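Chemist: The following comprises the amino acid sequence and a computationally predicted model.
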Amino acid sequence: MKINEMFYSIQGEGKWMGLPNIFIRTTGCNLRCSFCDTTYAYKKGDEKSIETIEKEIKKYNCKYVCVTGGEPLIQDETVQLIDVLLKDGYKICLETNGSIDIKNFVRKKNLLISIDIKCPSSNMHEKMFFKNISQITSSDQLKFVIQDIIDYKHAKKIVKKYKTQSTIYFQPVWGVHMRELASWILKDGLDVRIGLQMHKIIWGDIKGV
């Protein structure tokens, strides 16, 4: 597998927010979101065997692993990596951008699937594979990164159209004032959570945290 970076930090998003996690960031992405904060993962990385990855993360005293990117699902070995780590007793969060079918990952014990559904400001919203929403369960999570009222209305429409039992997060683009988003959610009475990037609040917008 081609891996951009591996590090140990605090999970800043979603259900595991605040928990120590080992992060495995894969190289490569099939999308080019306008506000992407990990453009450095598009091409840079080193080839590592699954056995090497397995050995390297054992140095951390942690059983939570986040497999992220880039886009992990563009690498065929991701399924095998996750199966090996699950067998090793890790709890895993798989972060995917919503454009690729997740059928090979659904309903695996101790695997949390996190789908990032793109909104118009990303310029990638027409590339979504919406069937994914019907495949996730209450154990998984759905995320919308929101920059403005257009994004908010788009996300709200999708939430109402595609019913899901998973936890839903509306996350403001980093640097965008979150009070407006909170007021829109309260006004409409949406059953969603505001997602904050805790790692950036703690350390700032830097690589490797």
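Modeler: Yes, it's here. Numbers count the residues shown, from 1 in each chain.
Chemist: Report how many residues lie close to residue 10.
Modeler: Neighbours of residue 10 under the rule other C-beta atoms under 10 Å: 15. C-beta coordinates here come from the backbone N, C-alpha and C atoms, glycine included.
Chemist: same deal with the one 4 residues further on?
Modeler: Residue 14: 21 surrounding residues under other C-beta under 10 Å.
Chemist: residues touching the residue nearest to it when sequence neighbours are not counted, list them.
Modeler: In space, not counting the residues next to it along the chain, residue 14 is nearest to residue 141; the distance is 5.1 Å by C-beta to C-beta, 6 or more residues apart in numbering. Taking C-beta atoms under 8 Å, 6 or more residues apart in numbering as the contact definition, residue 141 lies against 14, 15, 112, 113, 114, 115, 166, 167, 168, 169.
Chemist: Please identify which helix or strand holds the last one.
Modeler: Here residue 169, judged by DSSP states H and E, is contained in strand 167-172.
Chemist: avg pLDDT for the helix of greatest length in the chain?
Modeler: Ranked by number of residues, the top helix in the chain under DSSP state H is helix 149-161. For helix 149-161, mean pLDDT rounds to 97.
Chemist: for that helix, which positions count as buried?
Modeler: 151, 152, 154, 155, 156, 158, 159 (16 or more other C-beta atoms under 10 Å).
Chemist: Rebuild the contacts of residue 141 as CSV, extending it with distance to residue 198.
Modeler: Listed next are those as CSV, based on distance: C-beta to C-beta, whole Å:
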residue, distance to residue 198
14, 10
15, 12
112, 17
113, 20
114, 15
115, 20
166, 20
167, 16
168, 18
169, 12
